[in-house]
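1. Provide a 3D model corresponding to the input given below.
(chains A and B)
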Amino acid sequence: MSSPPKVRRGMAWVYDRLGGSNFTKTALKKVFPDHWSFMIGEVALYCLVVLILTGVYLTFFFVPGSEEVVYHGDYAPLEGVKMSAAYASTLDISFGVRAGLVMRQMHHWAALVFIAALVVHLCRVFFTGAFRRPREINWMVGVTLLLLSIANGFFGYSLLDDLLSGTGVRVGYSIALSIPVFGEWLAFLFFGGEFPAVHFISRFFVLHVLLLPALIVGLLTAHLAILWRQKHTQFRGPGRSEDNIVGSRLWPTYALKSVGLFFIVTAILAGLGGLAQINPVWLYGPYDPAQAAASTAGSQPDWYVGWLDGALRIMPGWEIRAFGFTVANPFFPGALLPGLTFVAMYAWPFLERRFTKDRASHNLLDRPRDAPNRTALGAAALAFYLVLFFAGGNDILSNIFRIAPEKVTNLFRIMVIAGPIGTFFVTRSACRGLARSGAHPTEGPVGSRIRRTPRGGYEEVGDTI
Amino acid sequence: MTKDQKNTEETQDQPADGNEDQAPRVRMAERRIATSFTLATLAALGLAGVYVSGGQAQAEGALLFVSLGGVGVGLVLWGRHLLGDEEVTDQRKEMEASEEEREEVGEAIDSDAGLGRRRFLGRLLGAAAAALGLAALFPIRSLGPSPGDRLRRTAWRSGARLLDQDGRLVRADTVTLGGIVTVFPEGHEESADSQAVLVRVEAERMHPRPGRETWAPEGNVAYSKICTHVGCPVGVYQASTHELVCPCHQSTFDVLDGARPKFGPATRSLPQLPLAVDHEGFLVAQGDFDEPVGPGYWSR
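-> This is a model prediction of the structure:
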């Protein structure tokens, strides 16, 4: 199948002016490994595309203002209620703008799936050792992308100025305030004064739609460029070595499948956006700190900050007071914990190198069992954050199981220590067992039974030994 | 059997089987791809119809799902079944620079040694750059006011009457035993840091702290409504146990014992508002809260 002459002429027109025919050739022939786990990063990329497309659409209607307006719109229950311009325009997007609700809900769902895909992608890279030399730089770029994405999700969630998000902003302000030495100044400068400051919506808006997206897109470009230059890692297998890469070419097979994946991801987000209600802010009502008597019970943030909320909830009532100064309680779970979390992630490739003394370049991936200590540590970390995540719902769990909230909280305080320790040892012994037996946890033993035929050939008898 | 073994087997099988055996599979794939694209087209047209006729969120979502999904599934099937899925091997390029290349880069940087020789000018340039950097930080100061004593004060003053959320003045008998009302200082109903909860308890069951004996006339006791943990409204009152509970993170405060934290992450009591009854029988404040309200901070 040859390409139509028009396409060739068009391409020649560009090459005559810019060159680059060689690059195009190598690009189209570039080899990508075929493994399902490599698709997760792509899913994140495509979620980001959906986020940008739906987000741009939303900015055409959203008013990032905290000035008070009286609502007159299509949502009757809030008719005549005083609210911020931001909240009122969110109601208009949801009820007045045709297809506005689908766009808004797609945007929210895309954000949830985006960060989920980032986390799973990070796990893939971690548990297979893909971060090792020469890929430490891209690991750190990736960790930064996760950090910026979580921050941007929080800012976006906070823009709507509904009762729930306002409570979230309140918590964010208090955490900033609790930072030792310069916390008061930090909170006052970032929010523009004592909570509830008037400027924060317009500030968060600029951060959410301009500054952080520009950083995210820039770093993502670097992430992909570095990936392109270093080529993918690959799992061990026949014909695969540290010096080669086995897979399918970018054009046409891989490109077609990948574009197909983009459409499928977008389709799922559109289906969720239309059929699965998310963040129905009209039910929460506008945020008004002076009137916030309405119960905020049972309120949960978006999933990717759930671990922080859980940490705030199960932190014992301790703080440090000495020499007339206070290191307030929320600093430890709200600022120190996420700070240490990201420092640990940035430092991991170098920490591991120090422990294993492995300074070689790696293009072949580990299976998780090949590095029992790393895998066990990663699993323990996941257990830790998972316990914190569920602790963020301690009031709901207490209601469901009819256990006193104090007991639920105390249980989580034990589990957050015991869970990771138990997970570490269970995972490590599982890894060692698997490495010894050579079995695959889901696919059964490797190999097949063969029989020699009378004519001297071999035929397969069964799939498993 | 691993995937690679399968692939080599297939490629070995192909010459023997010929194309006749593959033709039905290809036709089947073509049919499925055609169906996907047709569905996508129909759904997209349907979407236009829904949009023109006024829009409906669920229908829009479902039709978008079918339309985008049809294109996606069609493309993936195309890539998988109609294009050669042969595995190819490519060599990696050496990333690391040789000793020689590193040396050359170093020489290229040093090529104009004059830069290194003008030490004094270099230092002046450094000083200018540092001063400029410092000057660039000043606009940050414009982002917000100085904290000053803003975190220490609220709008409560001696003699300020208590208003409930509906703007009504509160008398000593307005709140019934076991009841709770959110109150603001009269004239400052928008003051977020002044919000307080007024609870009515049996006066004789209170254990007032030293110096606070007169702060709760007729069992009317008022505490700051801003949780000392991270500032959520402490809006839930369990009258049977005399506990104020913050719904955000479940900090629990004992109303009878100066709102001392009994459970949860909060470490400090809710500041108490000193109350009195004026000559008209309305509840008034004796002054501001006795300590900063809300979450803790460094210089608290």
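
2. now do the strands in the stretch 351-465 of chain A.
-> Here the stretch 351-465 of chain A has its strands, by DSSP state E, counting those that start in this stretch, at A:449-452, A:458-462.

3. wait, which of those is closest to chain B?
-> When those are compared by C-beta to the nearest C-beta, strand A:458-462 sits nearest chain B, at 7.8 Å. For every residue, glycine as well, the C-beta is placed using N, CA and C.

4. by contact count, what packs against the closest one?
-> Packing partners of strand A:458-462 (3 or more C-beta pairs under 8 Å, 6 or more residues apart in numbering or on different chains; DSSP states H and E): strand A:449-452.

5. hey, least reliable of the strands of the stretch 351-465 of chain A by pLDDT?
-> Sorting the strands of the stretch 351-465 of chain A by mean pLDDT places strand A:458-462 lowest, at a mean of 73.

6. switch the strands of the stretch 351-465 of chain A over to TSV; also include distance to A:His107.
-> Listed next are the strands of the stretch 351-465 of chain A as TSV, based on distance: least, C-beta to C-beta, whole Å:
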stretch	distance to A:His107
strand A:449-452	53
strand A:458-462	51
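
7. need those in TSV (columns: mean neighbour count).
-> Putting the strands of the stretch 351-465 of chain A into TSV (neighbours: other C-beta atoms under 10 Å in any protein chain shown) gives the following:
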stretch	mean neighbour count
strand A:449-452	10
strand A:458-462	9
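
8. quick one: contacts for the nearest residue to A:Thr144 once chain neighbours are set aside?
-> Distances taken as C-beta to C-beta, 6 or more residues apart in numbering or on different chains put A:Leu219 closest to A:Thr144, at 5.9 Å, once the chain neighbours are dropped. Residues in contact with A:Leu219, defined by C-beta atoms under 8 Å, 6 or more residues apart in numbering or on different chains, are A:Val141, A:Thr144, A:Leu145, A:Leu148.

9. the first one and A:Leu148, how far apart?
-> Here the criterion is C-beta to C-beta, to the nearest Å. By it, A:Val141 lies 11 Å from A:Leu148.

10. same question, A:Leu48
-> Plainly put, A:Leu48 is 11 Å away from A:Leu148 if you go by C-beta to C-beta.

11. for B:Glu96, grab phi and psi.
-> Here is the backbone geometry of B:Glu96 (degrees, to the nearest 10): phi -70, psi 140.

12. then A:Arg135?
-> Main-chain torsions, A:Arg135, degrees, to the nearest 10: phi -110, psi 20.

13. quick one, what contacts the nearest residue to it once chain neighbours are set aside?
-> Leaving aside its chain neighbours, A:Arg135 sits nearest to A:Gln230 (6.3 Å; criterion: C-beta to C-beta, 6+ apart). Listed by C-beta under 8 Å, 6+ apart, the contact set of A:Gln230 reads A:Pro134, A:Arg135, A:Asn138, B:Met95.

14. and the helices in the stretch 1-150 of chain A?
-> Counting by DSSP state H, counting those that start in this stretch, the stretch 1-150 of chain A has helices at residues A:5-18, A:21-29, A:39-59, A:85-91, A:100-127, A:136-159.

15. point out the most buried one among those.
-> Ranked by mean neighbour count, these are led by helix A:85-91 with a mean of 24 (mean count of other C-beta atoms under 10 Å in any protein chain shown).

16. for that one, name the packing helices and strands.
-> So helix A:85-91, by 3+ C-beta pairs under 8 Å, 6+ apart, packs with strand A:68-70, helix A:281-284.

17. which stretch in the ones you listed has the least confidence?
-> Among these, helix A:281-284 has the lowest mean pLDDT, at a mean of 90.
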